[in-house]
Structures are given as C-alpha cells and as structure tokens.
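Chemist: Kindly return the folded structure for what I paste below:
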Amino acid sequence: MADIVTAIVDLARASAGIAALVGAHVYGDELPEAAVKQMPRGALVVKPSGGAAFQPASSANAEAQRIDLISFGATPLEADKLRRVAAPALLALRRHRQGDVLIHWVQPAGGYLTGRDPDGQWPYAFQSFQTLFSSMEVT
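Modeler: Take a look at the predicted model:
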C-alpha cells in the first residue's frame, strides 16, 4: 500500500521554499525527541487525520486521505509564514509521482488556525488537506 504521509514529507523536504525556512526539519506524524529539545524553532509535521471519506466505495485503486500540516516557529508569525509557503507546494500537486506514490491531487479541507502547542506552548499554524492518490505503489 502506498504511503502518502512519507510521500508528502519527502516532497516538503525537497521544496526549496520550505527548506529555506526549516532546513531538514520536516517530519511525519510527530516531532521526534531530538527536535522537541530544539523547540521552539521552525519545523513542519505532516500527520494523517481522520474524517469521513469524500468518495464513494469503488474498485479503483485510489485512496483518499486527509492530512494535517502543522508548522511550528519561534513566533506565531514565523509558524504561519511556514504554513503559507508549505500549503501552495501541496496544492500545486496534480498527477505527481513522489517516490513510489502517485498523487492525483491535494486540496484544502478547510481553513487554517494558529495557536500554541498545549504541552510546550510553541507557536504553530495548522491546516488540513484532502489527498487522492493511487493506493498501490508505482514502480
């Protein structure tokens, strides 16, 4: 089965705009312990999230997955700046192959919000996206 979260993480790491803001600090699912020790700083987390499927059942080898993009920064403005750079990089995807994942598209799944992490009080910005991708790995 194709791994959309890893594909989006790899895509974000390869983006010059994102790398200029956070370097290699792009992670899947959560911040690793080593990154937590460096917070607050610029970092991006791509996390799968739940929600109702937008597409009816089908025999097509396609999968819909909602993902959350969580951007951190030293200040709320820096966190939101990273979100404003990362979101267009995702939204530009149309039939894009990233590694062994064929991404058909990424669309916004609502607006964004800003706040502070409840544990560390680090500034963050958050936005959800809906993805459609081939469920089988491509070679």
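
Chemist: Next, the buried residues of stretch 97-116.
Modeler: Gln98, Val101, Leu102, Ile103, Trp105, Val106, Ala109, Thr114 (16 or more other CB atoms under 10 Å). From N, CA and C alone the C-beta is placed, and that goes for glycine too.

Chemist: Name the residues of the lengthiest helix in the chain that come out as buried.
Modeler: In the chain, taking DSSP state H as the definition, the longest helix is helix 76-91. Buried positions in helix 76-91, judged by neighbour count with 16+ other CB under 10 Å: Glu78, Ala79, Asp80, Lys81, Leu82, Arg83, Val85, Ala86, Ala87, Ala89, Leu90.

Chemist: Surely the fourth one is in contact with Leu21?
Modeler: Yes. Lys81 lies in contact with Leu21 (CB atoms under 8 Å); the separation is 7.0 Å.

Chemist: which two from the buried residues of stretch 97-116 end up farthest apart in space?
Modeler: Leu102 and Thr114 (32.7 Å; CB to CB).

Chemist: Chain neighbours aside, what residue packs nearest to Met136?
Modeler: Among residues not flanking Met136 along the chain, Asn61 sits closest, at 5.0 Å (CB to CB, 6 or more residues apart in numbering).

Chemist: Okay, and the residue lying closest to Asp117 once chain neighbours are set aside sits in which element?
Modeler: Nearest residue to Asp117, sequence neighbours excluded (CB to CB, 6+ apart): Tyr124, at 5.7 Å. Element membership for Tyr124 (DSSP states H and E) is strand 123-134.

Chemist: Show me what that strand is packed up against.
Modeler: In terms of contacts (3 or more CB pairs under 8 Å, 6 or more residues apart in numbering; DSSP states H and E), strand 123-134 is packed against helix 4-14, strand 62-72, helix 76-91, strand 101-116.
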